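A.B. asks: Have a look at this fold, sequence not included:
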């Protein structure tokens with residue numbers, strides 16, 4: 001574990017202000033250019049709308065409770081519910097102010113270590129949560145496609161150039177899914193089958209001249225995998241079942257936020273299709289260079305889910321979705337961080 005404090009390096013006023021500023025600019029644009037306020041004025045406000053708004057918010061609460069339960073399972077209840085809440089909120093805070101392609105993994109390791117977990121346990125926990133999240137995606141996608149097919153899964157003509165080749169939304173989705181599957185296979189082999197062999201293979205590959213500058217980091221990854229393997233060896237079936245069940249619960253609740261938000265404004269004919277399109281959106285957001293996917297997420301929402309939103313209100317719905325699922329973590333992080341720092345350094 002590095003002796004430097006990644007908390008102070010990451011949670012600066014500038015880095016917190018950037019996603020807020022980007023989010024405000026995107027929200028203003030979406031509300032100004034992509035929202036028909038005449039259609040909005042026609043909405044009949046009823047208690048039913050407030051109920052579905054509340055249920056959508058409740059899904060975010062369920063998501064975080066499931067994450068807290070999972071982290072308690074993975075630490076063998078070393079963390080209390082209160083400490084689990086702090087860890088999850090700060091972890092989400094770190095993810096919200098870093099680009100999606102980077103994530104908050106380094107900060108998560110530091111936070112867990114400061115909560116009293118050893119380097120090995122912290123590393124094992126972060127790597128296991130990443131693996132479970134990927135397994136959720138790998139398992140869920142085929143089931144969703146089995147029921148709804150792919151004909152209506154890619155509604156927009158999104159194009160992205162990767163290594164000189166232009167891919168459509170479907171192509172990006174396939175690449176993202178294949179990469180997630182490959183990464184999961186590598187982690188499973190390294191953690192559960194032969195961690196030392198995987199480290200030798202990785203370090204051997206990164207001895208090649210074009211990759212040599214990343215060799216020290218890859219050696220650290222190999223060490224992390226070996227530590228994780230030692231920590232997880234001999235864990236009972238109930239340990240894995242509880243942790244994966246919590247993962248399924250948290251991700252499902254996260255995606256159902258959109259379904260219930262849509263129900264507040266309009267009937268939804270095909271909830272599973274809405275769910276499936278969010279799975280595709282998730283891959284697009286993973287490659288976002290902006291903090292927490294800010295900007296990319298709003299436009300992806302409008303592109304993928306405009307079919308299900310009331311006429312002229314896709315921009316407004318995208319902003320409401322982010323207000324429910326993204327900005328609360330920024331504000332919670334700002335509130336919790338000073339108290340947490342005082343606690344762990346006192």
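C.D. replies: Perfect, I can see it now. The shown structure was predicted, so the numbers you read here are calculated from the model rather than taken from an experiment.

A.B. asks: how about the helix or strand where residue 182 lies: buried residues?
C.D. replies: Per DSSP states H and E: residue 182 is located in helix 169-188. For helix 169-188, a neighbour-count test (16 or more other C-beta atoms under 10 Å) marks 169, 171, 172, 173, 175, 176, 177, 180, 184, 187 as buried. C-beta coordinates here come from the backbone N, C-alpha and C atoms, glycine included.

A.B. asks: quick one: average confidence on that helix?
C.D. replies: When pLDDT is averaged along helix 169-188, the result is 87.

A.B. asks: Can you name the residues in contact with the helix or strand just after it?
C.D. replies: Sequence order places helix 195-205 as the next helix or strand after helix 169-188, per DSSP H and E. Applying C-beta atoms under 8 Å, 6 or more residues apart in numbering, the external contacts of helix 195-205 come out as 186, 189-190, 211, 215, 218-219, 221-223, 225-226, 228-229.

A.B. asks: Give the buried residues for helix 195-205.
C.D. replies: Those would be 195, 198, 199, 202, for helix 195-205 by 16+ other C-beta under 10 Å.

A.B. asks: And the helix holding residue 182, what does it pack against?
C.D. replies: Where contact means 3 or more C-beta pairs under 8 Å, 6 or more residues apart in numbering; DSSP states H and E, helix 169-188 is packed against helix 119-148, strand 160-162, helix 271-286.

A.B. asks: now do 7 Å
C.D. replies: When contacts are defined as 3 or more C-beta pairs under 7 Å, 6 or more residues apart in numbering; DSSP states H and E, helix 169-188 sits against helix 119-148, helix 271-286.

A.B. asks: what packs against the shortest one?
C.D. replies: Think helix 271-286. Against helix 271-286 (3+ C-beta pairs under 7 Å, 6+ apart) you get helix 119-148, helix 169-188, helix 237-263, helix 296-305.

A.B. asks: if I look at the closest residue to residue 296 other than its chain neighbours, how far off is residue 26?
C.D. replies: In space, and not counting its chain neighbours, residue 296 is closest to residue 288: 4.1 Å by C-beta to C-beta, 6 or more residues apart in numbering. To residue 26, residue 288 is 12 Å away according to C-beta to C-beta, to the nearest Å.

A.B. asks: neighbour-wise, which of these two wins?
C.D. replies: residue 26 (21 against 17; other C-beta atoms under 10 Å).

A.B. asks: Go through the buried residues of helix 195-205 and name the one nearest residue 19.
C.D. replies: Nearest to residue 19 among the buried residues of helix 195-205: residue 202, at 32.6 Å, using C-beta to C-beta.

A.B. asks: Report pLDDT for that closest one.
C.D. replies: Per-residue pLDDT puts residue 202 at 83.

A.B. asks: One more: residue 117?
C.D. replies: Looking at residue 117, its pLDDT reads 87.

A.B. asks: next one: residue 43
C.D. replies: For residue 43, the pLDDT comes out at 81.
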